[in-house]
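Novice: Predicted model and sequence below, questions to follow.
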Amino acid sequence: MKQKIKAFIYDFGWPRLIIFFFVIALFMLAPFVGVNIDSSLKDVFVRFGQNGVMVLAMVPMMQSGSGLNFGLPVGIVAGLLGAALSMQLHFTGAFGFIMAILLSLPFALFFGWLYGLLLNKVKGEEMTIAMYIGFSIVTFMSIMWLILPFSNATMIWGYAGKGLRTTITLDGYWSRILNNFLVIKTGRFFEFPTGSILFFIVMAMIMKFFMLSRTGTALTAVGSNPDFARSSGVSINRCRVIGVIISSIYGAIGILCYQQSFGFIQLYNAPLYMAFPAVAAILLGGASVNKASILNVVIGTFLFQSILTMTPSVINNILRTDMSEVIRILISNGMIIYALTRKTKAAA
């Protein structure tokens, strides 16, 4: 029995156990420090729907052996381009949101294909190179946002008459289009964003079916045992590129989900570090560097967003100071370091 408990703790990981009990403690402590539980739960569910698809984007790359997708901004930039084009064409409501997704897909396919080809050239160093690719595309697009010929008055700088604003409001377009769909309101503060949760479930089911398909099985084989996959006639490079493309597509759709919930489009340097919360969330859910599942995504996103929601209100009320950003950085980077350390030990 003792050995089973030790094996469970090792597999699940002390950091995850500590964070799990820390979240429970925050919810139990909340009423005693004047924090409204209904409002906090609402924020947790909203954040889950807002970020869940971007965490899902990690799965295909990890399963195909390309490691953690620190280059998620590649897909995010594609989503931002789709959103900007949809607004430029004055598409609004649910149709505008759908068009933003459709317009982002060609960019996600093309950028993801180039990204995958590059990662195939640097096998063994994918995560490091991916981080620099993400930083590079965000910097490149910071120039392009200024010179691309957008003309929608809502989007461009008023004093110059050209160049996109840093933050663009989605009011009148598709702000909270998913969150408000079939929304459930109970009590004074609680809201359940049914639409965004349903959208996440649909995207998760599509991912699940894809991973169970012949191509998805080949991706998993490549990530688990490249030599066996090669001997079975599977093209490793092709599978890795497919994994990167799917991840980029989910990153593009994920940022659109994030935007509609947030109510704004954020450009320029805003996507620079967006990969880190997604990476931390899936690792927090129990994924390893080369193996991830939908369950890891659900658990990790819920725990991570619970911490981000509860920490500012509970801890700050106790300490009378703002420690939320410090704790967020510690958790994000700590989980990434922990996962990479375990990978090194396993390899040894």
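Specialist: Now that the structure is in, tell me what you want to look at.

Novice: going forward, measure contacts between C-alpha atoms and count neighbours the same way
Specialist: OK.

Novice: pLDDT (mean, whole number) over the helix or strand residue 197 falls within?
Specialist: Secondary structure from DSSP states H and E places residue 197 in helix 194-212. Averaging pLDDT along helix 194-212 yields 94.

Novice: repeat for stretch 124-132
Specialist: Per-residue scores along stretch 124-132 average to 86.

Novice: thinking again about what came up before, tell me how far the helix holding residue 197 lies from the chain's centre.
Specialist: From the chain centre to the centre of helix 194-212 is a distance of 14 Å (C-alpha atoms, centre = their mean, to the nearest Å).

Novice: Which strands or helices does it pack on?
Specialist: helix 37-56, helix 214-224 (3 or more C-alpha pairs under 8 Å, 6 or more residues apart in numbering; DSSP states H and E).

Novice: List the buried residues of that helix.
Specialist: 194-201, 203-204, 207, 211 (16 or more other C-alpha atoms under 10 Å).

Novice: Please identify which pair of those residues lies farthest apart.
Specialist: 194 and 211 (25.5 Å; C-alpha to C-alpha).

Novice: ok so, going back, ranking the helices and strands packed on helix 194-212 by burial, who's on top?
Specialist: Most buried of the helices and strands packed on helix 194-212, by mean neighbour count (mean count of other C-alpha atoms under 10 Å): helix 37-56, with a mean of 23.

Novice: ok, residue 264 - contacts?
Specialist: Residues in contact with residue 264 (C-alpha atoms under 8 Å, 6 or more residues apart in numbering) are 167-170, 175.

Novice: Go again with 10 Å.
Specialist: Applying C-alpha atoms under 10 Å, 6 or more residues apart in numbering, we find residue 264 in contact with 166-171, 174-176, 256, 258.

Novice: for residue 46, same thing?
Specialist: Going by C-alpha under 10 Å, 6+ apart, the list of residues near residue 46 reads 40, 52, 179, 191-194, 196-197, 258, 261-262, 305.

Novice: repeat that for 7 Å
Specialist: With contacts defined as C-alpha atoms under 7 Å, 6 or more residues apart in numbering, the neighbours of residue 46 are residue 193.

Novice: hey, where'd the strands end up in the stretch 151-300 of the chain?
Specialist: Here the stretch 151-300 of the chain has its strands, by DSSP state E, counting those that start in this stretch, at 167-169, 184-186, 190-192, 264-266.

Novice: Of all those strands, which one is nearest residue 315?
Specialist: strand 190-192 (21.4 Å).

Novice: got the angle for the helix holding residue 197 vs helix 214-224?
Specialist: 80 degrees (axes from the mean of the first three to the mean of the last three C-alpha atoms, to 10 degrees).

Novice: got the angle between helix 194-212 and helix 37-56?
Specialist: Counting by the same axes, to 10 degrees, helix 194-212 points 30 degrees away from the direction of helix 37-56.

Novice: ok, residues contacting helix 194-212?
Specialist: So helix 194-212 is in contact with 49, 52-53, 178-184, 216-217, 294, going by C-alpha under 7 Å, 6+ apart.

Novice: Same list (the helices and strands packed on helix 194-212) but as JSON lines, adding distance to residue 231.
Specialist: Shown next, in JSON lines, are the helices and strands packed on helix 194-212 (distance: least, C-alpha to C-alpha, whole Å):
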{"stretch": "helix 37-56", "distance to residue 231": "30"}
{"stretch": "helix 214-224", "distance to residue 231": "11"}
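
Novice: Dump the strands of the stretch 151-300 of the chain into a markdown table; add distance to residue 108 as well.
Specialist: Shown next, in a markdown table, are the strands of the stretch 151-300 of the chain (distance: least, C-alpha to C-alpha, whole Å):
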| stretch | distance to residue 108 |
| --- | --- |
| strand 167-169 | 21 |
| strand 184-186 | 33 |
| strand 190-192 | 30 |
| strand 264-266 | 18 |
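
Novice: Dump stretch 66-76 to CSV, restricted to CA.
Specialist: Extracted C-alpha coordinates of stretch 66-76, given in CSV (Å, rounded to 0.1, in the frame of the first residue of the first chain):
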residue,chain,number,x,y,z
SER,A,66,7.8,17.9,-31.1
GLY,A,67,7.6,18.9,-27.4
LEU,A,68,5.8,21.8,-25.8
ASN,A,69,4.5,24.4,-28.2
PHE,A,70,6.4,27.5,-27.1
GLY,A,71,5.8,28.8,-30.6
LEU,A,72,2.0,29.1,-30.0
PRO,A,73,2.2,32.8,-31.1
VAL,A,74,2.5,31.4,-34.7
GLY,A,75,-1.1,30.2,-34.5
ILE,A,76,-2.2,33.2,-32.4
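
Novice: following the helix or strand where residue 59 lies, which helix or strand shows up next?
Specialist: Residue 59 is part of helix 58-63, with elements assigned from DSSP H and E. Remark: after helix 58-63, the chain's next helix or strand is helix 73-88, criterion DSSP H and E.

Novice: Show me the shaky parts of the stretch 151-300 of the chain.
Specialist: For the stretch 151-300 of the chain, the stretches flagged by pLDDT under 70 are 158, 160.

Novice: before we move on, the earlier item: closest to residue 242 out of the contacts of helix 194-212?
Specialist: residue 216 (9.3 Å).

Novice: residue contacts, that closest one?
Specialist: Applying C-alpha under 7 Å, 6+ apart to residue 216 gives the contacts residue 210.

Novice: Distance check, it against residue 38.
Specialist: 40 Å (C-alpha to C-alpha, to the nearest Å).

Novice: buried set for whatever helix or strand residue 101 lives in?
Specialist: Using DSSP H and E, residue 101 sits in helix 93-120. Under the neighbour-count criterion of 16+ other C-alpha under 10 Å, helix 93-120 has 93, 96-105, 107-113, 115-116, 118-120 buried.
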